[in-house]
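S.K.: kindly generate the corresponding structure for this input.
(one chain, ligands or ions: 1)
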Amino acid sequence: MKLWKLWLAGLWLGLAGGVAQAQTLDVVKQRGYLQCGVTTGFAGFSAPDDKGHWRGLDIDLCRAVAAAVLGDAEKYKAVPLNAQQRFTALQSGEIDVLARNTSVTQQRDTALGVIHAGINFYDGQGFLMLKALGVKSAKGLDGATICLQTGTSNENTLADWARANNIRYKPVVIEQYNEAVSAFAAGRCDVFSTDASGLAAIRASRLGNPDDYIVLPELISKEPLGPFVRQGDDAWLNIVKWSLMAMLLAEELGVDSGNVDTHAQQSTPAIQRLLGGSGNAGENLGLDARWAYQIIKQVGNYAESFERNVGQGSPLKIERGLNALWSQGGLMYPLPIR
Ligand SMILES: N[C@@H](CCC(=O)N[C@@H](CS)C(=O)NCC(=O)O)C(=O)O
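M.R.: Reported below is the predicted structural model:
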């Protein structure tokens with residue numbers, strides 16, 4: 001083929017690729033609902049309740065994006081994915097956003113064609129085991145059999161930590177979450193290792209006698225969990241990023257699902273800009289002026305979502321800790337809307 005033909009073909013492919021990638025917002029609007037990648041069922045973050053309705057902190061992120069884009073938090077479909085399947089599902093376009101307790105790492109953010117759109121839960125990897133085994137600290141894990149799930153960052157993190165601390169262990173690596181947890185509950189391994197949030201979920205929802213188990217005090221890594229989108233669609237990246245930001249900002253400004261209508265009538269300039277009474281935040285995102293109002297009214301602010309899903313209003317009872325606002329000793333620092 002002549003050089004100019006190759007060049008033309010390359011240009012065409014580049015343009016077509018760019019166009020195909022740059023349209024997630026249009027695709028979602030046309031479809032009429034959001035395809036949201038979640039876990040196969042992990043309490044507190046994304047799991048169906050006894051009526052089959054999905055609930056959780058990550059599900060609330062799916063709902064927030066649906067509310068912002070389509071005006072209705074229920075216009076989303078949860079697509080259950082195990083750890084191994086999640087990035088392929090996002091890369092291939094099967095899902096519009098991945099909201100599935102996924103740790104942000106440099107490799108994931110650069111090498112997979114995906115990119116994170118914020119952090120909705122700061123976590124760290126830990127260990128869960130039977131109290132009766134008498135181990136009080138992770139340093140006592142030498143010789144232990146440790147259950148893990150395939151395709152998680154937990155596998156490498158544990159291997160690195162064990163090497164650095166001269167700890168020998170036998171990994172039992174299982175692909176499906178249910179099977180991994182059942183293997184642990186049945187005593188096929190001494191310890192389960194994953195994010196502390198995952199350990200709290202397993203302890204609260206999957207073990208007959210939660211009080212027989214302890215989570216060891218050490219966390220061996222940083223696991224900043226957040227939603228991911230495909231690279232190359234900045235408009236969509238912004239929509240997901242600012243939907244999460246709106247929930248955090250609402251908490252900071254004292255706006256919640258109960259008082260948002262009062263605030264929408266009359267409030268401070270910062271709240272007016274958030275709720276669409278002034279400024280053009282919605283227009284700048286390609287959304288309705290009341291995009292954030294819909295999120296707060298239908299889903300709530302970050303504190304409401306945190307407490308009902310993983311905090312004091314849930315069986316997990318996780319403290320806000322690092323997930324408190326920056327003004328209350330945590331790491332959550334919502335960027336300003338102006
Ligand atoms: N944050 C880690 C771990 C995430 C993860 O997949 N954890 C497991 C164990 S709690 C999980 O959520 N499994 C649920 C499933 O596969 O449905 C990562 O991003 O690799």
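S.K.: would you list the phi and psi of residue 215?
M.R.: Dihedral pair for residue 215: phi -100, psi 120, per degrees, to the nearest 10.
S.K.: how near is it to the ligand?
M.R.: Look at residue 215 and the ligand: by Cβ to the nearest ligand atom, to the nearest Å, they are 13 Å apart. Quick note: C-beta positions are derived from backbone N, CA and C, even for glycine.
S.K.: show me what residue of the protein gets nearest to the ligand.
M.R.: Going by Cβ to the nearest ligand atom, the ligand is nearest to residue 198 of the chain, at 2.8 Å.
S.K.: tell me if I'm right that that residue and residue 42 touch.
M.R.: Yes. With contacts counted by Cβ atoms under 8 Å, residue 198 reaches residue 42, the gap being 6.6 Å.
S.K.: list residues touching both of these two?
M.R.: Counting by Cβ atoms under 8 Å, 6 or more residues apart in numbering, the contacts common to residue 198 and residue 42 are residue 101.
S.K.: compare these two (neighbour count), which wins?
M.R.: The residue with more neighbours, out of residue 198 and residue 42, is residue 198; 28 against 24, by other Cβ atoms under 10 Å.
S.K.: that older thread, who touches the residue of the chain closest to the ligand in this structure?
M.R.: Counted by Cβ under 8 Å, 6+ apart, residue 198 has contacts 42, 101.
S.K.: can you confirm it is in a helix?
M.R.: Yes. Using DSSP: H, G, I helix; E, B strand; the rest coil, the assignment for residue 198 is a helix.
S.K.: mind giving me the domain split of this protein?
M.R.: The chain resolves into domains spanning 24-122+226-324, 124-223 when parsed by the TED database.
S.K.: single out the most deeply packed of these.
M.R.: Highest mean neighbour count of these: domain 24-122+226-324, a mean of 20 (counted as mean count of other Cβ atoms under 10 Å).
S.K.: return the distance of that one from the chain's centre.
M.R.: Domain 24-122+226-324 sits 9 Å away from the centroid of its parent chain (Cα atoms, centre = their mean, to the nearest Å).
S.K.: quote the end-to-end distance of that domain.
M.R.: 31 Å (Cα to Cα, to the nearest Å).
S.K.: hmm, it in reach of the ligand?
M.R.: Yes. Contact of domain 24-122+226-324 with the ligand (Cβ under 6 Å from any ligand atom) involves 39-40, 42, 82-83, 101-103.
S.K.: for that domain, the averaged confidence score.
M.R.: Summarised as a single mean, pLDDT over domain 24-122+226-324 is 98.
S.K.: quick check: the gap between residue 305 and residue 44.
M.R.: Going from residue 305 to residue 44 by Cβ to Cβ, to the nearest Å gives 11 Å.
S.K.: typo on my end, residue 243
M.R.: Counting by Cβ to Cβ, the gap from residue 243 to residue 44 is 20 Å.
S.K.: quick one: list the elements packing against the helix or strand containing residue 245.
M.R.: Element membership of residue 245 [criterion: DSSP states H and E] is helix 234-253. Secondary-structure packing of helix 234-253 (3 or more Cβ pairs under 8 Å, 6 or more residues apart in numbering; DSSP states H and E): helix 24-31, helix 57-70, strand 228-230, helix 269-275, helix 281-285, helix 291-298, helix 302-309.
S.K.: circling back: mind putting the domains of the chain into TSV with distance to residue 338?
M.R.: Output for these, formatted as TSV (distance: least, Cβ to Cβ, whole Å):
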stretch	distance to residue 338
domain 24-122+226-324	6
domain 124-223	30
